[in-house]
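**Q** Take a look and give me a structure for this.
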Amino acid sequence: MLNVEEIRKDFPIFTRRVRGRRLVYLDNAATSQKPIQVINAIREFYERHNANVHRGFHTLSQEASELYEKAHDVVAKFINTESWDEIIFTSGATESLNIIAYGYGLKHLREGDEIILTVMEHHSNMLPWRNVAKMTGAKVRYIDITKDGKLRYDQLEEAVSERTRIIAVVHMSNVLGTINDIRRIAKLAHSVGAVVVVDGAQSVPHIPVNVKELEIDFLAFSGHKMLAPTGIGVLWGKRELLEEMMPFKTGGGAIKDVTLESVEWADLPWRFEAGTPNIAGAIGLMEAIKYLNKIGMKNIHKHEIELVEYTLKRMEEIENVEVYGTRDLRWRGGVVPFNIKGLHHHNVAKALDTMGIAVRSGMHCAHPLHYRLGLKGTVRASFYLYNGKDDIDAFIEALTTIIEVSEVLSGIGESDICTSG
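**A** Numbering: from 1, shown residues only. Now for the predicted structure:
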């Protein structure tokens, strides 16, 4: 496993205590913590290089522009794109997916066309396509999951037809941790001339992602889930597809020339980056990728799978805990959703917080998936490179305590409670 103790030394937040206890952070599917290297890179930009990019010939502007363009190149190499100008910086995966839906979908979809989604999609990769379908007359079709949370590939193969124009699919479920076979899906889509849009918000931070090997057309992901600051995200697309898209937002920086009658858009990627961009966020993302590369994405994925395996084994020791998702670790990431029978998921999460353990509870912006599972919510523990077996042990101990206390309280009747009069 990774040397977690050494890695934690790079993360200032792990020096603090929560509720008087060591912080056990298991909410990484929501956002990750930030290493000092990323924090320092952002600080250095503001202290030494702060200026707008592509706006001036003075030294600070030139330095800022160079750093900002370098960030595009670092991201491009990270996911193995053809060129850095296919990398578009956005505010996050949500904006990236909306740009694809409205920039590509509106232009290419017609009445009778079909968009294929899955029931495990995050709302960010479901709602934009539903809106575009209403605007164009296209139809949305959904692919179901198996009992253990894997995608129904048999159903997908039946659904794909000559009417299919877009398959938008999550790479790794933020609820179940299921990793979908994207290359298989891409080959199926391309066999009928459809394009594949991949939500990589959960996969890119945790597993090696190579867009050439996956053979996909679009990819969206966020920086804040991969050690970078909030407010920075990435949209990657094949050059020929990006070239024909209309910009989702327009303004300064997105044009070569404007007259009262016409506009000539800037080259890629700038035509999609109107306005002053999140320069510091891009620099932070660049530094975060350097950090991840130093450790190795394969090593990170292997580490997280070992944590999942250990967690699932430890949770078998506890009665009244129901865990969801596939046990086939070849197709699972570092996410463990569960419920304790008889206890509300929010109450479990709050009880864990009293012991310094951070998890997420609710429906995780994936309501249709929870309804499909017959659930009103789940508690979700999610891992990253700075989590270790000591975190899992503390988590299991806390769950055991919660169950024991709840059983004691459930056995107390009103007549057993003393009140002062």
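
**Q** in stretch 64-79, what counts as buried?
**A** Judged by neighbour count using 16 or more other C-beta atoms under 10 Å, the buried positions of stretch 64-79 are 64, 65, 67, 68, 71, 72, 74, 75, 76, 78, 79. (Each C-beta comes from the backbone N, C-alpha and C, glycine too.)

**Q** Residue 136 contacts residue 111, correct?
**A** Yes: when contacts are counted by C-beta atoms under 8 Å, residue 136 is listed as touching residue 111 (6.8 Å).

**Q** Which of these two has more residues huddled nearby?
**A** Per other C-beta atoms under 10 Å, whichever of residue 136 and residue 111 has more neighbours is residue 136, with 19 against 9.

**Q** give the contact list for that one.
**A** 105, 106, 109, 110, 111, 113 (C-beta atoms under 8 Å, 6 or more residues apart in numbering).

**Q** Please repeat the previous calculation with a cut-off of 7 Å.
**A** 106, 109, 110, 111 (C-beta atoms under 7 Å, 6 or more residues apart in numbering).

**Q** quick one: the third one and residue 171, what's the gap?
**A** Just to be clear, that refers to residue 110. 28 Å (C-beta to C-beta, to the nearest Å).

**Q** how far does stretch 386-404 sit from the chain's center?
**A** Offset of stretch 386-404 from its chain centre (C-alpha atoms, centre = their mean, to the nearest Å): 25 Å.

**Q** Can you give the contact residues for that stretch?
**A** By C-beta under 7 Å, 6+ apart, stretch 386-404 touches 4, 7-8, 11, 24, 26, 33, 307, 310-311, 314-315, 318, 320-321, 340, 348, 351-352, 355, 357, 381.

**Q** The same query, at a cut-off of 8 Å, please.
**A** 1, 4-5, 7-8, 11, 14, 22, 24-26, 28, 33, 304, 307, 310-311, 314-315, 317-321, 340, 343, 348, 351-352, 355-357, 359, 381, 383.

**Q** cool, and stretch 54-72?
**A** Defining contact as C-beta under 8 Å, 6+ apart, one finds that stretch 54-72 is touched by 45, 48-53, 84-85, 87, 89, 253, 269-270, 277, 279, 282-283, 285-286.

**Q** Just the buried subset of the residues you listed, please.
**A** 45, 49, 51-53, 84-85, 87, 89, 253, 269-270, 277, 279, 282-283, 285-286.

**Q** In helices only, show me the residues you listed.
**A** 279, 282, 283, 285, 286 (DSSP state H).

**Q** So which of these is the closest to residue 258?
**A** residue 279 (23.6 Å; C-beta to C-beta).

**Q** Tell me the spacing between the closest one and residue 210.
**A** From residue 279 to residue 210 the distance is 27 Å (C-beta to C-beta).

**Q** Find the nearest non-adjacent residue to the residue sitting nearest the centre point of the chain, please.
**A** Centroid-nearest residue in the chain: residue 201, 2.2 Å away (criterion: C-alpha atoms, centre = their mean). Computed as C-beta to C-beta, 6 or more residues apart in numbering, the closest residue to residue 201 that is not its neighbour in sequence is residue 93, at 4.2 Å.

**Q** do the same with residue 384
**A** Excluding the flanking residues, the one nearest residue 384 by C-beta to C-beta, 6+ apart is residue 28, at 4.1 Å.

**Q** and the one you found, what is it in contact with?
**A** By C-beta under 8 Å, 6+ apart, the contact set of residue 28 is 225, 334, 382, 383, 384, 387.

**Q** the strands in the stretch 51-200 of the chain, which residues?
**A** 87-90, 114-118, 139-143, 164-170, 195-199 (DSSP state E, counting those that start in this stretch).

**Q** Which helix or strand in this structure has the lowest average pLDDT?
**A** helix 389-410 (a mean of 91; mean pLDDT, DSSP states H and E).

**Q** Count the residues that sit near the nearest residue to residue 357 once chain neighbours are set aside.
**A** Closest residue in space to residue 357, ignoring its immediate chain neighbours: residue 24 at 4.4 Å, by C-beta to C-beta, 6+ apart. Neighbour count for residue 24, taken as other C-beta under 10 Å: 24.

**Q** Just the pLDDT at residue 24, thanks.
**A** At residue 24, the model reports a pLDDT of 98.

**Q** how much space between it and residue 39?
**A** From residue 24 to residue 39 the distance is 21 Å (C-beta to C-beta).
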